[in-house]
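> structure for the following, please:
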Amino acid sequence: MLKIELISLFNNSKDIMDFLQRKGVVEITEHEELENMSHLDTEINISQLEKMKLKAEKAREILGFYAPQKSSIIDSFRPPREISLKEYLEKETVCDEAYNISCSVTEADKKITDAKAEIIRLETANSSVSIWENLDVPMKIKPTRSTELIIGTFPNLQSESSIKETLAERAPDIEAYEAEIIYSSEMLSCVAVLCLRNQKQQMLEALRSFGFAAPSEQYEITAKQAIKNNNEKIEKLSEDIKKYEEEIKIYSDFADNIDFFIDYLSMKIDKYESLKKLSVTNNIFYLSGYVPQKQSEKIANVLEEKYSAAVNLSVPNEDEDIPVLLQNNSFASPVEGITEMYSLPGKHDIDPNAIMGFFYYVFFGMMFSDAGYGLLMVIATLTVLLKAKPEGQKRKTVLMYLYCGISTMFWGIMFGSFFGDVINIIRVNYLHLPEMRLHVWMNPAGDDLMTTMLFCFLFGIIHLFVGVGIKGYMEWRQGDKFGAICDTLSIYMTIGGVAPILAGMIIEVPKSITNVTKYIALAGVVLIVLTAGRASKGIVGKLGAGLYALYNTVSGYLSDILSYSRLLALGLVTGIIGSVVNMMGTLPSNMIVKTILFIIVFIFGHAVNFGINIIGAYVHTNRLQYVEFFSRFYEGGGNAFNPLKVNSKTFKFKEETNNG
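Now for the predicted structure:
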């Protein structure tokens, strides 16, 4: 990575920034404000663009809901369409129209939302007023010269006689009135009371004393008429909703233009964010940043020749926070995303992906370890690669699962699992042949369980030793050659010497080997005690630190090695569940029923087993890298290289001369 500095005329700033964005290889960084220069303030521009982008994204979401476009899973992996700079400039002309359409779509959707809310309100009103349908006068009828109608509800079952009896007790002075039950149930009674106008208040107080309440909404028309009017409004609103939905569907023809508009705004926002990092005067502007060394000369030449800019390329100082750009071959690059999820390499780290990739694919395959599942992965990933031709991170992800699928096929063949034991199930139940040996190397689910576990521990030791070796290499590179030798060799001798002795507890190990390895382990222990505390002061301090390091080494490595038993555990789970699924499908004795059940159970059971265990293999393979491997040597903490580029889902620029 090289540092790039550029000075040019302010009039060229737009063309230069557009060029850098199309190329996508320069990260523009902030710098201290230079004398007689100032930074650009683009916050207002960014705010306006983000509002427009939100509007367009909302419109696109609405179009996707009302007029979804048919696409396959493979289509989601296809790269964006290539366009030339000329086509892009021509396409810019649709942006105003796309924004206007976005506004129209969101406005139509708002009208639909408002109409649906109003329909709910009217339906609720109908529900509440329907209990008054038998009232043949308006709910809010005007009083006569001497009488007034009071309507309301009681929260229990009432009758005309019960109301009159209660009123006689609580308001004996009121005699001239009439009460009629309009609707009644166990929990509600609707009543209309006609009383003298001058006794209205007295009547209300008496009624309220035993639960009477006036309705929250009253109409100056009858309840039947109110319901009829509301239903007419609901019908009209429903028609309006259909009209607005059809209007939105018509706009679906402009979905591609809105997609382009969203990407166009994203580019603008990114560019204005970078413009904030420039220093400018009325005549010139200055920028600084980082560029990969591989592209630096080409970029610098174009900037100088085409845009009359003064460009300076230099090696950054070690104390600078240099961004990290991972560059690996097609075998290692697929696992870069795994490393990025943990942390990018720091200043003194090496890129671990080339080494980690090998172990990642091997361990994933051992945990999934079914040749049938691996075959499905290979077929699926190859189909995507050949038909969709994905690019960037999508291609890396597909390649990672391709390599994991190949590894899964290999270990499935080694351990004898192809959709569980489906080969023997078919031989015995349908071909009436005896079972055959399925495994090429070992059968973890049979007699080779403990042997397989020991090999898992061996792979774990190799994995850990590689991490220790990388740590030693990094210490050697930094000048601590004595520490590199002592720290690496002592662990190799101690763990490597103890391993055969412990393995002898499970399998038979020749005494000639254990007799040698115990002395190697003892020498490693002495080396740890004598050298691990070399940074401490005094003999006692050095010895104490050495003994503490010995304890940490033995206990830490023992637990770490044991954690590799998950290679066996997850592999067993995948194979055993697959075999159980096959067995369930062959339980019926009737051949026709057995065949039908076997097909159903096979498809469903293996789909579930595949889904659950591929997640388990992914998670635990990551854990082995993060916890066991990276902890030996990897510090991380690097910042990703984030160049100004075209973040577009719908198009990318062709590599043409006229693109700059």
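> quick one: mean pLDDT for the helix or strand harbouring Ser490?
Assessed by DSSP states H and E, Ser490 sits inside helix 481-503. The pLDDT scores in helix 481-503 average 95.
> now stretch 337-354
94.
> any low-confidence regions in the protein?
Where the chain drops to pLDDT under 70, the residues are 656-660.
> once you drop chain neighbours, what's closest to Phe254?
The shortest distance from Phe254 to any non-neighbouring residue, by C-beta to C-beta, 6 or more residues apart in numbering, is to Ile101 (5.1 Å). Glycine gets a C-beta too; all of them are placed from N, C-alpha and C.
> please read the previous query as pertaining to Tyr360.
Val335 (5.2 Å).
> also Asp240?
Ala115 (5.4 Å).
> so after the host helix or strand of Val526, what's the next helix or strand?
Assessed by DSSP H and E, Val526 sits inside helix 511-531. The helix or strand immediately downstream of helix 511-531 is helix 539-562, counting by DSSP H and E.
> helices and strands around the very next helix or strand once past that next one, which ones?
From helix 539-562 onward toward the C-terminus, using DSSP H and E, the following helix or strand is helix 566-585. For helix 566-585, the elements it packs on are helix 353-368, helix 392-415, helix 422-429, helix 449-477, helix 591-623, judged by 3 or more C-beta pairs under 8 Å, 6 or more residues apart in numbering; DSSP states H and E.
> what about 10 Å?
Contacts defined by 3 or more C-beta pairs under 10 Å, 6 or more residues apart in numbering; DSSP states H and E place helix 566-585 against helix 353-368, helix 371-387, helix 392-415, helix 422-429, helix 449-477, helix 591-623.
> next, the angle helix 392-415 makes with it.
70 degrees (axes from the mean of the first three to the mean of the last three C-alpha atoms, to 10 degrees).
> phi, psi of Val26?
The phi/psi pair for Val26 (degrees, to the nearest 10) reads phi -120, psi 120.
> so it touches Leu303, yeah?
Yes. Here Val26 reaches Leu303: they are 9.5 Å apart, a contact under C-beta atoms under 10 Å.
> list residues touching both of those two?
The contact sets of Val26 and Leu303 overlap at Ile4, Leu6, Phe19, Leu20 (C-beta atoms under 10 Å, 6 or more residues apart in numbering).
> and the last one, what is it in contact with?
Contacts of Leu20 were listed using C-beta under 10 Å, 6+ apart, and they are 4, 6, 26-28, 271, 274, 287, 289, 291, 299, 302-303, 643-645, 660.
> quick check: Asp487 vs Val26, distance?
40 Å (C-beta to C-beta, to the nearest Å).
> which helix in this protein runs the most residues?
helix 95-129 (DSSP state H).
> got the CA positions of the following helix or strand past that one in PDB?
As assigned by DSSP H and E, the chain's next helix or strand after helix 95-129 is strand 147-154. Output of strand 147-154 as PDB, limited to C-alpha atoms (Å, rounded to 0.1, in the frame of the first residue of the first chain):
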ATOM      1  CA  THR A 147     -89.600  15.600  26.400                       C
ATOM      2  CA  GLU A 148     -86.200  14.300  25.700                       C
ATOM      3  CA  LEU A 149     -84.800  10.900  24.700                       C
ATOM      4  CA  ILE A 150     -81.800   9.400  26.600                       C
ATOM      5  CA  ILE A 151     -80.000   6.400  25.100                       C
ATOM      6  CA  GLY A 152     -77.200   4.400  26.700                       C
ATOM      7  CA  THR A 153     -76.000   1.000  27.900                       C
ATOM      8  CA  PHE A 154     -75.800  -1.000  31.100                       C
END
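> what helices and strands are in contact with the helix or strand that comes right after strand 147-154?
Going down the chain from strand 147-154, the next helix or strand is helix 160-170, by DSSP H and E. In terms of contacts (3+ C-beta pairs under 10 Å, 6+ apart), helix 160-170 is packed against strand 147-154, strand 177-184, strand 189-196, helix 200-208.
> list the buried residues for the third one?
When you say that, I think you mean strand 189-196. Neighbour counts over strand 189-196 (16 or more other C-beta atoms under 10 Å) mark Ser189, Cys190, Val191, Ala192, Val193, Leu194, Cys195 as buried.
> and stretch 410-421, how far apart are its ends?
16 Å (C-alpha to C-alpha, to the nearest Å).
> neighbour-wise, which of Asp487 and Val26 wins?
The neighbour count for Asp487 versus Val26, taken as other C-beta atoms under 10 Å, is higher for Val26 (27 against 21).
> distance-wise, check the more buried one relative to Ser308.
Remark: distance between Val26 and Ser308 (C-beta to C-beta) = 18 Å.
> apart from its neighbours in sequence, what residue is nearest Thr408?
Nearest one to Thr408, counting by C-beta to C-beta, 6+ apart, is Gly374 at 3.1 Å.
> one more: Arg534?
Excluding the flanking residues, the one nearest Arg534 by C-beta to C-beta, 6+ apart is Lys542, at 6.4 Å.
> so what touches stretch 231-244?
With contacts defined as C-beta under 10 Å, 6+ apart, stretch 231-244 is touched by 66, 105, 107-123, 125-126.
> rerun at 7 Å
With C-beta atoms under 7 Å, 6 or more residues apart in numbering as the test, stretch 231-244 has contacts from Ala108, Lys111, Ile112, Ala115, Lys116, Glu118, Ile119, Leu122, Glu123.
> quick one, what contacts the last one?
Going back to what we said before, that points to Glu123. Each residue near Glu123 by C-beta under 7 Å, 6+ apart is listed here: Ile234.
> the first one now?
For Ala108, the contact set (C-beta under 7 Å, 6+ apart) comprises Tyr244, Glu247, Ile248.
> okay, and which of those residues map to helices?
Judged by DSSP H, the subset of the contacts of Ala108 located in helices is Tyr244, Glu247, Ile248.
> give me the PyMOL select line for those, limited to the buried ones.
Buried residues among those (16+ other C-beta under 10 Å), as a PyMOL selection:
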select buried, resi 244+247+248
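> Gly289: which element?
strand 284-291.
> residue closest to the middle of the chain?
Met341 (12.0 Å; C-alpha atoms, centre = their mean).
> any of the shared contacts of Val26 and Leu303 buried? List them.
Counted by 16+ other C-beta under 10 Å, those give Ile4, Leu6, Phe19, Leu20 as buried.
> so how far is stretch 311-319 off the chain centroid?
How far stretch 311-319 lies from its chain's middle: 37 Å, per C-alpha atoms, centre = their mean, to the nearest Å.
> let me fix that: stretch 9-28
32 Å.
> again with stretch 35-47
Worked out by C-alpha atoms, centre = their mean, stretch 35-47 lies 34 Å from the chain centre.
> residues of that stretch that come out buried?
Leu40, Thr42, Asn45, Ile46.
> likewise stretch 267-287?
Those would be 267-272, 274-275, 277-280, 284-287, for stretch 267-287 by 16+ other C-beta under 10 Å.
> ditto for stretch 51-71
Neighbour-count burial for stretch 51-71, counted by 16+ other C-beta under 10 Å, picks out Met52, Lys53, Lys55, Ala56, Glu57, Ala59, Arg60, Ile62, Leu63, Tyr66.
> Ala569: which of those is nearest?
Glu57 (45.0 Å; C-beta to C-beta).
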